[in-house]
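*Asks:* kindly return the folded structure for what I paste below:
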Amino acid sequence: MFGLVTATNCNLVEMVKAKQFRSDFVLQTQRVPSTMPSLRERREDIPLLVSHFVQKFATRMGNT
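*Replies:* The predicted structure follows:
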């Protein structure tokens, strides 16, 4: 058994109606739908993300 996490900024239901996306794929991937505001709406998260990735890449480069 495995899990699959997908993300998009498109309205897949509308794309299926316009025949731009396969309906069977949407049905398989939307078993537990979840939405999250875009990062532009969560500006307070940016410093946390920057800190996380700076630390991650510093460790990878041996600069910790």
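
*Asks:* quick one, domains of the protein?
*Replies:* Taking automatic domain parsing as the domain assignment, the ranges for the chain are 1-33, 37-64.

*Asks:* okay if I get those domains as CSV plus mean pLDDT and mean neighbour count?
*Replies:* Using the backbone N, CA and C atoms, a C-beta is placed for each residue, glycine as well. Converted to CSV, these look like this (pLDDT from 0 to 100; neighbours: other CB atoms under 10 Å):
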stretch, mean pLDDT, mean neighbour count
domain 1-33, 81, 10
domain 37-64, 92, 9
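
*Asks:* against P33, how distant is the residue nearest the centre of the chain?
*Replies:* Centroid-nearest residue in the chain: A7, 4.1 Å away (criterion: CA atoms, centre = their mean). A7 sits 11 Å away from P33, going by CB to CB, to the nearest Å.

*Asks:* ditto for T6
*Replies:* Relative to P33, T6 is positioned 10 Å away (CB to CB).

*Asks:* ditto for L49
*Replies:* L49 is 24 Å from P33, by CB to CB.

*Asks:* how close does E44 get to V50?
*Replies:* 12 Å.

*Asks:* over to T35?
*Replies:* Separation of T35 from V50 (CB to CB): 24 Å.

*Asks:* alright, I will stop here.
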